[in-house]
Each structure stands twice: as structure tokens, then as C-alpha cells.
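>>> just need the structure, nothing else, for what follows:
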Amino acid sequence: MDFTGDTENKNTGNMAGQSGRVDVSQKRLINCSQVDVNQLMPLKYKWAWEHYNNGCANNWMPTEVPMGKDIELWKSDKLSDDERLVIMRNLGFFSTAESLVGNNIVLAIFKYITNPECRQYLLRQAFEEAIHTHTFHYVVESLSLDQGEIFNMYNEVNSIHAKDQFEMNLTASIMDPNFNTDSLEGMQKFLENMVGFYVIMEGIFFYSGFVMILSFHRQNKLTGIGEQFQYILRDETIHLNFGIDLINGIKAENPEIWTPEFQKHIKELILQAVELEIKYAQDCLPRGILGLSAPMFKDYVEYIADRRLERIGLTTEFGSKNPFPWMSETIDLGKEKNFFETRVTEYQTAASLEW
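A predicted model of the protein is given here:
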């Protein structure tokens with residue numbers, strides 16, 4: 001069976017007809033020419049271009065956010081040891097996780113996503129991952145934290161190491177020199193990678209961390225860090241929406257890959273990720289702070305996992321309720337796509353974040 005769509009066009013790296021113009025019907029998300037002119041027009045996947053524009057509208061830099069009040073609070077005795085632990089654990093996880101996402105885009109995904117408009121977004125996302133890594137360096141430097149302790153935490157904290165290793169294994173499998181997406185098995189392995197990074201890393205692992213940090217911000221504590229996490233949350237929600245559209249698009253173009261066995265495998269991966277995230281929450285909140293507790297995060301992780309399962313066409317598993325309804329005021333998890341389609345005008349300025 002030919003999974004390439006058009007073997008002749010793939011070999012020539014050319015989607016043009018006799019007139020020399022791009023034939024939009026020949027555009028595919030994967031299995032077109034890996035090296036070709038980035039012919040955006042005519043657009044076939046308008047959703048990819050919309051995500052790119054939404055990302056550009058949310059442009060920001062961490063150094064635009066003042067950290068004076070955060071520094072003052074951090075140096076005071078007004079934060080408990082448990083509160084400091086939450087901040088340190090989150091910085092330790094995010095500082096490495098964002099770089100893993102960036103590496104996966106550049107080293108794995110970009111090579112095999114051969115559509116020009118999707119590649120345009122991936123270039124934007126890679127830049128944003130660099131900004132996020134810059135953010136954690138900026139926070140660590142501002143608070144005069146031990147850089148070695150933060151950036152090496154994935155080697156020293158088991159729950160962080162387990163999540164990072166889970167993701168690195170997915171990238172490694174795509175980095176095999178013999179890997180390609182020409183076969184059914186290759187396309188499934190590639191889709192597994194995208195579920196692992198877009199649905200699990202950015203759609204599950206990141207969201208409990210957002211709750212922890214934004215809980216400080218809601219109580220007017222560490223507002224500089226909180227503001228930066230709000231910007232990151234907006235970026236990550238667009239990443240998630242793009243990734244889910246991409247996953248569903250590849251499924252639609254290659255329905256033979258979405259077998260019952262493969263669906264079961266993907267669901268098992270997501271359930272494994274839920275367990276990893278629950279252990280991480282227990283590590284961050286051994287006694288609870290700010291009205292937060294590890295059992296609450298169990299419900300929250302299960303709740304968002306159900307939402308992710310739904311959006312890629314799988315049945316829900318948990319039926320848990322959202323224990324943090326205030327997060328829906330920040331971003332409605334049930335209507336993420338609509339949130340960004342209707343409120344883009346609010347993202348134009350990084351100097352003042354307004355909801």
C-alpha cells in the first residue's frame with residue numbers, strides 16, 4: 001500500500017501541475033517532499049496558519065516582566081518551606097521540559113511534517129520554546145537561586161526524571177537513522193511521538209504546574225513569575241490546539257493507522273502519564289499549601305486527561321471533576337480553541353497582561 005499520497009510527486013519534491021503552480025490537493029501533512037520551497041500559498045490547512053498568527057499575536061519576552069516584588073518576597077521570611085518547595089520543583093521540571101519539547105520539534109517532528117503551513121507554525125513554536133527556557137533562566141537568575149540545583153533537578157528528583165525520561169524515549173525512537181513514515185508502523189510511531197509531546201507533555205504534564213504557580217499569583221504572591229506563567233500558558237494552549245489539529249489531520253488522511261490496537265496503546269500511554277503526574281504532584285505537595293493538596297491534583301490531572309482523550313477521539317476514563325474552577329476563568333479547558341479564536345486582540349501587548 002502506498003502511504004505517500006503521490007509517489008511521483010514525493011520523489012521529485014514537486015507538487016506543481018503542468019502549469020507550474022502548486023496543486024493544493026497534493027498537499028499532505030506527512031509524506032511529501034522533506035526538502036522543498038516553503039510554498040505556503042494556496043493554503044490547504046488554514047487552521048495551521050491561524051495558530052501561527054495567534055502565536056505571533058502573543059509575542060512576549062520574559063525580561064519585560066519586572067521581578068522586584070518577587071525578589072523582595074523570596075528574600076523575606078513570608079514564604080514557608082513548603083511554598084518554596086513548590087516553586088523550586090516547578091522551576092526544576094519546566095526548565096528541562098521546555099528544552100525537551102524544543103529538541104523534539106527540531107530533531108524529530110520538523111523532518112517528517114512536510115506541509116509548509118505546519119512547518120511555518122513549528123518554526124514559531126520552536127522560538128517560543130526557547131523563550132520559555134529563557135524565562136526559567138531569568139527567574140532563577142532574578143531570585144539568585146542555585147542554577148545547578150534547578151537545572152539538574154531532573155537527575156535528582158525521581159518524579160521529574162520519570163516524566164522527562166518518558167518523553168526522551170519518544171524522541172529517541174524517531175531519531176533512529178532507519179526511521180521513516182513510509183510504512184504503517186512508521187506513521188503510528190510518529191503519531192505516538194506527537195501524542196506524547198502535544199497531548200501528554202504540553203496538555204497534561206504542564207497544566208498541573210500552571211495551577212501551582214498561578215495559585216501564588218491569585219494571592220498576590222510572586223506576581224512576576226505568575227505573569228510569565230500566564231504568557232506561557234497562552235503559548236502552550238496554542239501548542240496544544242495545533243498539536244491536536246495535526247494529530248487529527250494525520251488520522252483523517254491516513255485512517256488505516258488508527259486501528260483499535262493502536263488506539264488502546266495511545267490510551268495506555270495517556271493513563272501512564274496520569275500516574276506519573278500524580279506522583280509529581282505528591283512530590284511537590286507533601287503537606288499542601290495555598291488551599292492545594294495532592295489529592296486535588298489527582299482529580300485535576302484525571303479531569304484534563306479526559307478532555308485530551310476526547311479531543312483525539314478516544315473514550316474518557318475517569319469522570320473526575322475539575323477541583324480548580326478558577327482555572328476556567330483563566331482559560332476554559334473545554335473550549336480552548338474558541339478562547340484563542342475569539343480573544344486574539346487581547347494578546348497584542350506584552351507590557352500589560354489583561355484577561
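>>> for the nearest residue to residue 190 once chain neighbours are set aside, grab the count of nearby residues.
Spatial nearest neighbour of residue 190, excluding adjacent residues (Cβ to Cβ, 6 or more residues apart in numbering): residue 181 at 5.1 Å. From N, CA and C alone the C-beta is placed, and that goes for glycine too. By other Cβ atoms under 10 Å, the residues close to residue 181 number 24.
>>> likewise for residue 325?
Neighbourhood size, residue 325 [other Cβ under 10 Å]: 8.
>>> who touches it in this structure?
Not one residue lies near residue 325 by Cβ atoms under 8 Å, 6 or more residues apart in numbering.
>>> now it: phi and psi?
phi -60, psi -20 (degrees, to the nearest 10).
>>> distance of it relative to residue 296?
Shown here: residue 325 relative to residue 296, a distance of 12 Å by Cβ to Cβ, to the nearest Å.
>>> now swap in residue 189 and tell me
Counting by Cβ to Cβ, the gap from residue 189 to residue 296 is 35 Å.
>>> same question, residue 54
In terms of Cβ to Cβ, residue 54 sits 31 Å off from residue 296.
>>> what helices or strands is the helix or strand encompassing residue 167 leaning on?
Here residue 167 sits within helix 158-174, counting by DSSP states H and E. If contacts are counted by 3 or more Cβ pairs under 8 Å, 6 or more residues apart in numbering; DSSP states H and E, helix 158-174 sits against helix 81-104, helix 153-156, helix 184-194, helix 260-284.
>>> right, and those helices - which one's nearest residue 218?
Smallest distance to residue 218 across those (Cβ to Cβ): 13.5 Å, for helix 81-104.
>>> quick one: which helix or strand includes residue 300?
helix 294-311.
>>> what helices or strands is that helix leaning on?
Partner elements for helix 294-311 (3+ Cβ pairs under 8 Å, 6+ apart): helix 206-218, helix 223-253, helix 260-284.
>>> got the angle between the second one and helix 184-194?
Pointing back at helix 223-253 there. Inter-element angle recorded for helix 223-253 and helix 184-194: 160 degrees (by axes from the mean of the first three to the mean of the last three Cα atoms, to 10 degrees).
>>> report the mean per-residue pLDDT for helix 223-253.
In this model, helix 223-253 has a mean pLDDT of 96.
>>> list the buried ones in that helix?
Judged by neighbour count using 16 or more other Cβ atoms under 10 Å, the buried positions of helix 223-253 are 223-247, 249-251.
>>> and the contacts of the helix holding residue 167?
With Cβ under 8 Å, 6+ apart, helix 158-174 has contacts from 89, 92-93, 96-97, 100, 103-104, 107-108, 112, 153-155, 179, 189-190, 192-193, 196-197, 200-201, 205, 272-273, 276-277, 279-280, 282-283.
>>> list only buried entries from those residues.
The buried subset of these - by 16+ other Cβ under 10 Å - is 89, 92-93, 96-97, 100, 103-104, 108, 112, 153-154, 179, 189-190, 192-193, 196-197, 200-201, 205, 273, 276-277, 279-280, 283.
>>> if we can go back for a sec, with mean pLDDT and distance to residue 64 added, can I get the helices and strands packed on helix 158-174 in CSV?
Shown next, in CSV, are the helices and strands packed on helix 158-174 (pLDDT from 0 to 100; distance: least, Cβ to Cβ, whole Å):
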stretch, mean pLDDT, distance to residue 64
helix 81-104, 95, 18
helix 153-156, 93, 26
helix 184-194, 97, 31
helix 260-284, 97, 28
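>>> can you put those in a markdown table and add distance to residue 40?
Listed next are the helices and strands packed on helix 158-174 as a markdown table, based on distance: least, Cβ to Cβ, whole Å:
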| stretch | distance to residue 40 |
| --- | --- |
| helix 81-104 | 23 |
| helix 153-156 | 37 |
| helix 184-194 | 22 |
| helix 260-284 | 31 |
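>>> of those, which is nearest residue 117?
helix 184-194 (16.5 Å).
>>> kindly calculate the angle that the closest one makes with helix 260-284.
20 degrees.
>>> show me what helix 184-194 is packed against.
Taking 3+ Cβ pairs under 8 Å, 6+ apart as the contact cut, helix 184-194 packs with helix 158-174, helix 223-253, helix 260-284.
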